[in-house]
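**Student:** With the input below, show me the fold.
(one chain, ligands or ions: 1)
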Amino acid sequence: MLQHLSKYINDSRDDLVALTQDLVRFPTINPPGDAYRPCVEYIAKRMKRSGFHCEFFTAVDYPGHTDTYPRINVVCRREGKRPGKTVHFNSHIDVVPPGFGWTFDPFGAAVHDGKIIGRGTCDMKGGLATSIIAAEAYIWCFPDFSGAIEISGTVDEESGGFGGVAYLAEKGMFSKPRVDHVIIPEPLNKDRICLGHRGVWWAEIETHGHIAHGSMPFLGDCAVRHMGAVMERFEQDLFPALAQKQTEMPVVPEGARKSTMNINGIQGGQTDGFTGLPSPNVPDSCKMTIDRRYLLEENVEDVRNEVVSILDQLKLSRPKFDYSLRELWSVEPTMTDRDAPVVRAVADAIRDEFGKEPDYVISPGTYDQKHIARIGHLHDCIAYGPGVIDLAHQPDEWIGIEDMVQSAKVMANAVHVLLSHKL
Ligand SMILES: [Zn+2]
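**Tutor:** Residues are numbered from 1 along each chain as shown. As a prediction, this is how the structure comes out:
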C-alpha cells in the first residue's frame, strides 16, 4: 500500500464516521422516497469541497416521482490534470423502512463498540462514505492524476432503480467514453468482489373458471382447483428440474447456485376486501405470481417455455383448463469477466491490504449493475464495499468502522491502479 494514501485514510477515520452518521440521519426511506433532496444536496456540498463538479438529475417521468417525493440523483465529477480513464463509484441513497425490533434509533447513527448502527449503515451509506473518503484521499495524495473520478448518489435501488441508475444510464452517464470503470460499494464484505447477479423473470399466471353457486359447484368450474393442478405440476416436475440446474457462477449463498423459483403470492375467489361472511361462489379466477431466478447458462426464453409447456400440457390433459400468462418484468443475468480491469485492480488492492486472495462472488438477487450492463453497455463493473450483506434490511443494521477504513484503502489503491494505467 502506498504509505501516504494509507496514512491519509487512517487520519480520516473520524471524518469517515461523521460522514456516515450524517448520511444515515437523512431518513431516505423508500417507499415513498423521503428526504432524497437534502441527502443529495449534502453529498454535492461535500464533494464541491474537494473540487468536484456536481449535477442534479431528477427523473420526473419515472415511478414514484412527485413534488413531495422527487426522484433526485446527484453525479459529481472531478477532472484530473490530463485526460484519461474515469472511475465511477455509484451508491444508492435510499433505504428500506426500519421495521420492528430495533434497540437503537434507526436514524440516530449511534457509534457503539466499533460500529455505527442505523438503517442504511451497511446497505449502503457506509459504502458511499467509504468511497468518498477513498476518492478524497487519492486526490489529496495524487493531485496531478490523469483521468477523472465520479461519485454518484442515486435513488430507488430498493424498488428497481428505474428513477435512479436506469434513468442516468439512459442519459449516457454509465457508458463509454464518459465512464470506464464502475464500482458499486454495496455491502459484499471488504475482501470479496461481486461480479454480478443471477437473472430474474417475474410472471403472473391466471387460471380461468366459471362462477356458480357454491352449493352446486358442479355447475361451475373452480379456478382455484385448476391452480392446484398447476401447483402440483410445479412440485412434481418444475422444482426438481430447477434444483438440477447447477451454475458455474460463484453465487452466494451456496443454495442460490442453482435455479430457484419463489411463489410470491396466490389469490383466488373472494379472499380480499370484505368483512363478515363470504357469499358462496365458485371462484372463476385465480392468480399466482412467480419470481424465477435464473442462471447465466439459461436464457429467458427457456425459462418462460418451462412454465408455458406445463400450462399447455394441462390444457390438453385437464378438462376445461384455461390460463393466461402475464410477464411482469425480467432482468438478464450478468457476470463481469475476472480479467476485467476493475476486477484485477480491486483484487490486487485486496491482496495488498489483507494478504489473501479475494473471494469472487455473484449476488443471488439483482442490484443496479443490471442497468449499467443492459442500458449503459458497460461491463467493467463490480460491487465492492464494506459491510456484511446479511445485515441489510435487518433491525439494528450496522457497519464496522475498521472495515470501512480498510475498504477505503482498497478503493483508493484500486483507483490509483486504474488511473495510472497500471493494467
Ligand atoms: Zn443496497
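**Student:** Residue nearest the middle of this structure, spatially speaking?
**Tutor:** Tyr367 (2.2 Å; Cα atoms, centre = their mean).
**Student:** Name the nearest residue to that residue, sequence neighbours excluded.
**Tutor:** Leaving aside its sequence neighbours, Tyr367 sits nearest to Glu186 (Cβ to Cβ, 6 or more residues apart in numbering; 5.8 Å). From N, CA and C alone the C-beta is placed, and that goes for glycine too.
**Student:** So what pairs up with Glu327 in the strands?
**Tutor:** Ala203 (DSSP bridges).
**Student:** is it true that Ala340 touches Asp380?
**Tutor:** Yes. Because the distance of 4.9 Å satisfies Cβ atoms under 8 Å, Ala340 is recorded as touching Asp380.
**Student:** Per-residue pLDDT of Lys422, please?
**Tutor:** At Lys422, the model reports a pLDDT of 66.
**Student:** dump the residue contacts of Pro27.
**Tutor:** Asp34, Ala35, Val95, Phe107, Arg119 (Cβ atoms under 8 Å, 6 or more residues apart in numbering).
**Student:** Just the closest of those to Phe145, please.
**Tutor:** Using Cβ to Cβ, Val95 comes nearest to Phe145 of the contacts of Pro27, at 32.5 Å.
**Student:** is the ion contacted by the host helix or strand of Ile193?
**Tutor:** Element membership for Ile193 (DSSP states H and E) is strand 189-197. No. Strand 189-197 lies out of reach of the ion by Cβ under 5 Å from the ion, never closer than 11.2 Å.
**Student:** same for that strand, what does it pack against?
**Tutor:** With contacts defined as 3 or more Cβ pairs under 8 Å, 6 or more residues apart in numbering; DSSP states H and E, strand 189-197 has these neighbours: strand 334-335, helix 341-354, strand 359-363, helix 369-374, strand 381-385, helix 401-419.
**Student:** if you average pLDDT over it, what comes out?
**Tutor:** Strand 189-197 shows a mean pLDDT of 96.
**Student:** Buried by neighbour count: which residues of that strand qualify?
**Tutor:** In terms of neighbour count (16 or more other Cβ atoms under 10 Å), strand 189-197 has its buried residues at Asn189, Lys190, Asp191, Arg192, Ile193, Cys194, Leu195, Gly196, His197.
**Student:** any idea of the mean pLDDT for stretch 394-401?
**Tutor:** The average of the pLDDT scores along stretch 394-401 is 97.
**Student:** Counting neighbours, which bits of that stretch end up buried?
**Tutor:** Gln394, Asp396, Glu397, Trp398, Ile399, Gly400, Ile401.
**Student:** can you put those in TSV and add secondary structure?
**Tutor:** Output for the buried residues of stretch 394-401, formatted as TSV (DSSP: H, G, I helix; E, B strand; the rest coil):
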residue	secondary structure
Gln394	coil
Asp396	coil
Glu397	coil
Trp398	strand
Ile399	strand
Gly400	strand
Ile401	helix
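**Student:** and which of these is nearest the ion?
**Tutor:** Nearest to the ion, judged by Cβ to the ion, of the buried residues of stretch 394-401 is Glu397 at 11.1 Å.
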